[in-house]
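Predicted coordinates and the sequence they were generated for:
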Amino acid sequence: MDFETVIGLEVHAQLKTASKIFCNCSTTFGRPPNTNTCPVCLGMPGVLPVLNRQVVEFAIKLALATNCEITRTNQFARKNYFYPDLPKGYQISQFDLPIAEHGWLDVRCGEASRRIGITRIHMEEDAGKLIHDEHEPKSYVDLNRAGTPLLEIVSEPDIRSPEEAAGYLKKLHAILIYLDVCDGNMQEGSFRCDANISLRPKGQQELGTRTELKNMNSFRNVQRALEYEERRQRDILLDGGAVTQATLLWDADREVSTAMRSKEEAHDYRYFPDPDLVPVVIDDAWIDRVAATLPELPAGRQARFINTLGLSPYDAEVLTSARPLADFFETTLSLYPEAKKIANWMMTEFMRAWKDEDETTAAFPVTPARLAGLLLMIDQGTISGKIGKTVFEEMIATGLDAETIVQKKNLVQMSDLGDLERMVREIIAANPAQAADFKGGKTKLMGFFVGQLMARTQGRANPKMANDLFARELNAGE
């Protein structure tokens, strides 16, 4: 039997506000346990929440960027459940009146592009964190994160493969970073994803029984977890069994999912409007003010890179996939106005070395100014392109600029005509068989001769001069 995979994603994005959603406690990550707290986020009796206006504006920004309809009157609700990291015994979230609904993102997977619907975006507070003792049967509660503002972005069940799920997440992640409303740090929990997956026979409209996967802290882990669960459910169905609806934890080390609990439904949380918070009314003027602050988003920047700068669609897509990459490219371009050359270096040498999981270039040892300086030295003939790659690697290893490295290691390109002519003649004399074959029509041997010269000069010979001199000497007398 042939099955169709159906995936829906729930993403929690922590907002880059200085204070929490309903109090003025700091959202700074990494503070000592329970120091970013007050009576409001600790759920003390008699306290009242006050909504952080910036949370609403960040939500409007994301709604506009994801083609959502903004709910003019939306309301907060209490989501009731008990867990030790939830001091009030309920979470303030939104239910039937979220801030945004009915959006979409176009996601490319291979050569194809598909539109993935966004069911809703809603505002809510985060819970605290449980810390389990490795040596004793004890757990501790850190409530620093309780009350931190989140946006939950819920997709439609439109995703049809784990690879497509990863593509959707990367695009949403990039938009959040471009908007500067979330830092996107998956290791610190600023961008978290829960995935719902089910299988159904191809052609069937009714959805299959779904499971929910949690504890995935990278795009790669999301894709791997979904691939594993896809295989697991298929095996169950092919054996005539039934998939059990459940919440599963992904174990990245063993690459398996394990049962966490049975899957809850909305009615299990007994949602009702929060009596301490009035409805939020958003008018056109407020939306217009927020819209005026929107930056150029990945799709617009990609189109500009293609149409104005002449980059290929693939290069433009990669370079705009993360805002730090696109910013690095454009800063370099302001110092060295050769877009295609910069793109070539960034798509090869730069991308091989850039492995920062947080997608920031701030700590990368090669700055835009240093990359521009390296490319200028190649253009001026001070060093060859091949030596330039060696210099680039040294720049990453040492943090020095190209000029300093070239001088220290004596890598200046050899362009002295007399010296090069002498070496060219010596190489031809030492390889008479190859010279005869070249003259007999095996012109690909030019690479052999130039390689000999490069080896003798440790890559410092001017490549153009080398080719011209060998061509002249090998064709002499014909």
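Thanks, I have the structure now.

can you tell me how far Phe58 sits from Gly399?
For Phe58, the distance to Gly399 equals 36 Å [C-beta to C-beta, to the nearest Å]. Glycine gets a C-beta too; all of them are placed from N, C-alpha and C.

Neighbour count: the two, which is higher?
The residue with the greater number of neighbours, taking Phe58 and Gly399 and applying other C-beta atoms under 10 Å, is Phe58; the counts read 24 against 12.

Three-state assignment for the residue lying closest to the more buried one once chain neighbours are set aside, please.
Distance criterion C-beta to C-beta, 6 or more residues apart in numbering; nearest residue to Phe58, sequence neighbours excluded, is Val181 at 4.1 Å. Secondary structure, DSSP: H, G, I helix; E, B strand; the rest coil: Val181 is coil.

Surely Arg460 is in contact with Met414?
Yes: proximity of Arg460 to Met414 meets the contact threshold set by C-beta atoms under 8 Å, at 4.7 Å.

Could you list the low-confidence segments of the stretch 51-200 of the chain?
Scanning the stretch 51-200 of the chain for pLDDT under 70 picks out no residues.

again, only this time at 90
Where the stretch 51-200 of the chain drops to pLDDT under 90, the residues are 82-83, 108-113, 132-134, 185-189.

All the helices of it, in order from the start?
Under the criterion DSSP state H, counting those that start in this stretch, the stretch 51-200 of the chain carries helices at the ranges 53-65, 162-179.

These into TSV, with extra columns for distance to Phe76?
What follows is the helices of the stretch 51-200 of the chain, written out as TSV (distance: least, C-beta to C-beta, whole Å):
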stretch	distance to Phe76
helix 53-65	11
helix 162-179	22
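
looking at these, which is closest to Ala471?
With C-beta to C-beta as the criterion, Ala471 lies closest to helix 162-179 of the helices of the stretch 51-200 of the chain, at 47.9 Å.

For the closest one, could you pull out the residues that count as buried?
By neighbour count with 16 or more other C-beta atoms under 10 Å, helix 162-179 contains the buried residues 162, 164-179.

what sits against the nearest residue to Ile116 once chain neighbours are set aside?
Nearest in space to Ile116, with sequence neighbours left out and distances taken as C-beta to C-beta, 6+ apart, is Asp158 at 4.8 Å. The contact partners of Asp158, by C-beta atoms under 8 Å, 6 or more residues apart in numbering, come to Gly8, Arg114, Arg115, Ile116, Gly117.

Report the buried members of those.
The neighbour count (16+ other C-beta under 10 Å) marks Gly8, Arg114, Ile116, Gly117 as buried among these.

Let me have those in CSV, adding distance to Phe364 as columns.
What follows is these, written out as CSV (distance: C-beta to C-beta, whole Å):
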residue, distance to Phe364
Gly8, 36
Arg114, 33
Ile116, 32
Gly117, 36
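
Of the residues you listed, just say which sits nearest to Ala363.
Ranking those by separation from Ala363, with C-beta to C-beta as the measure, puts Ile116 on top at 32.7 Å.

That closest one against Val154, yeah?
No: under the criterion of C-beta under 8 Å, Ile116 is not in contact with Val154, lying 11.4 Å apart.

what comes up buried for stretch 444-462?
In stretch 444-462, the ones that count as buried by 16+ other C-beta under 10 Å are Leu445, Phe449, Val450, Gln452, Leu453, Met454, Thr457, Gly459, Arg460, Ala461, Asn462.

if you skip the residues just before and after it, what's nearest to the third one?
Across the structure, with C-beta to C-beta, 6+ apart as the measure, the residue nearest Val450 apart from its sequence neighbours is Ala466 (5.0 Å).

Over to the first one?
With sequence-adjacent residues excluded and distances taken as C-beta to C-beta, 6+ apart, Leu445 is closest to Phe438, at 4.5 Å.

Same list (the buried residues of stretch 444-462) but as CSV, adding secondary structure and pLDDT.
As requested, the buried residues of stretch 444-462 are exported to CSV (DSSP: H, G, I helix; E, B strand; the rest coil; pLDDT from 0 to 100):
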residue, secondary structure, pLDDT
Leu445, helix, 89
Phe449, helix, 90
Val450, helix, 86
Gln452, helix, 90
Leu453, helix, 86
Met454, helix, 82
Thr457, coil, 81
Gly459, coil, 76
Arg460, coil, 75
Ala461, strand, 79
Asn462, coil, 79
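
Fine, thanks again, bye for now.
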